[in-house]
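[1] How does the following fold in three dimensions:
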Amino acid sequence: MAAVWDGVLRPAGPGLFQIVLDQPELDGFTDFISAWLWQGPPILLVDPGPAAGLERLMRGLEALGIGQPDAILLTHIHLDHAGVVGHLCDRWPAVPVICHRSAIKHLTDPARLWQGSLKTLGATARAYGEIRPVAAERLVDAETCRIGGLSAVATPGHAPHHVSFLVQDVLFAGEAGGVFYDIGGAQYLRPATPPRFFLETHLESIDRLSSIGHARFCYGHFGLSEDGPRLLAAHRRQLLLWRNLVAETMQAGLDGSALIDACRQRLLGSDPLLAPFAAMPAATQRREAGFLNNSIRGVVGYLQEQAG
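    Numbering: from 1, shown residues only. Predicted coordinates for the structure are as follows:
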């Protein structure tokens, strides 16, 4: 096994490594973004990260002695998970990219994806870096992929083009199971439910993942759990709790930022899976508060649509 490099290359079990892709120019974005490397065979690089993380990613692979993977797997194509893929295709002209079929058009022509990211994320998108196009012949529909030992599972919810991957006993689930951190032994779990959010679709994806046998659960953010089934069940209950608490808070007649702030404060005080928030460094709290707000907006939008 390769030596841990600079705290960036983290062993996560037999044949599995996390490559940490910190964004030092973004406040609080330490231990937030990472790629996963399955040593195989086949060698699989999962969610290689933003374009700005290219150098760190390549140094991590070099430390493992890997010149190139056999395939790149994308759970979804948001910039923090897939923004570097065009750069990697330029370097590795024969490596296929496996993704949801509806993501293919956005990777071959990422202009709308980039503009939408700028509109939603602003300076954060610019810090991630612009995504480059990928030639259509490099892209493989995950549903038809026939790489030995790899199974793809459609898991829309966080995004309509979200797909999870099972390799032996390891499940790479992107953000289908939420955002996870182990903070001094305390487990923090946050919904990743940005607008436009469909609760029933998300719950169906969680149920699908819960039915798959796996020993290790790899989160897009951030790290690995060997207790995936329990956390998936807890996350399912959490989503229903959010629906109920946000619906109750909306009855007060608030709107805009006042509503979002009121929901966030109530959830932080009532959701046990958010309790470790108080132990986070201030910069991490600021980052998480922003993502909490965005997830709450998704739930608010869902409830408004349900109300007609």
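
[2] okay, CA-based contacts and neighbour counts for the rest of this
    OK.

[3] What values do phi and psi take at the nearest residue to Val8 once chain neighbours are set aside?
    The spatially closest residue to Val8, leaving aside those adjacent along the chain, is Val20, at 4.8 Å (Cα to Cα, 6 or more residues apart in numbering). Phi and psi for Val20, reported as degrees, to the nearest 10, are phi -80, psi 130.

[4] if I read this right, Val20 contacts Asp47, doesn't it?
    No - counting by Cα atoms under 8 Å, no contact exists between Val20 and Asp47, whose distance comes to 11.5 Å.

[5] So which of these two has more stuff around it?
    Asp47 (28 against 25; other Cα atoms under 10 Å).

[6] show me what contacts the more buried one?
    34-36, 72-76, 81-82, 174, 220 (Cα atoms under 8 Å, 6 or more residues apart in numbering).

[7] Would you map the helices across the stretch 151-300 of the chain?
    Ranges of helices within the stretch 151-300 of the chain are 199-210, 228-250, 256-270, 282-307, based on DSSP state H, counting those that start in this stretch.

[8] Can you list the neighbours in contact with the first one?
    Right, the one you point to is helix 199-210. Residues contacting helix 199-210 (Cα under 8 Å, 6+ apart): 153-158, 176-177, 229, 232-233, 236, 239, 299, 302.

[9] what about Pro48, helix or strand, and which?
    Using DSSP states H and E, Pro48 is not contained in any helix or strand.

[10] is it true that it touches Cys89?
    No - counting by Cα under 8 Å, Cys89 is not a contact partner of Pro48; they are 11.6 Å apart.

[11] more crowded one of the two?
    For the pair Pro48 and Cys89, the greater number of neighbours falls to Pro48 (28 against 19), based on other Cα under 10 Å.

[12] Could you find the closest non-adjacent residue to that one?
    Here the residue nearest Pro48, using Cα to Cα, 6+ apart, is Ala35, at 4.7 Å.

[13] ok, that neighbour to Gly178 distance?
    16 Å (Cα to Cα, to the nearest Å).

[14] pLDDT at the nearest residue to Val85 once chain neighbours are set aside, what is it?
    Sequence neighbours aside, Pro48 is the residue nearest to Val85 in space, at 7.0 Å (criterion: Cα to Cα, 6+ apart). With respect to pLDDT, Pro48 has a value of 98.

[15] number of nearby residues for Asp227?
    12.

[16] can you pull the contacts of it?
    215-217.

[17] and if you look at Leu74?
    Leu74 neighbours (Cα under 8 Å, 6+ apart): 46-48, 81-82, 97-100, 163.

[18] I'd say Asp182 and Tyr219 touch.
    No - look at Asp182 against Tyr219 with Cα under 8 Å: they stay out of range, at 11.5 Å.

[19] Thanks a lot, see you next time.
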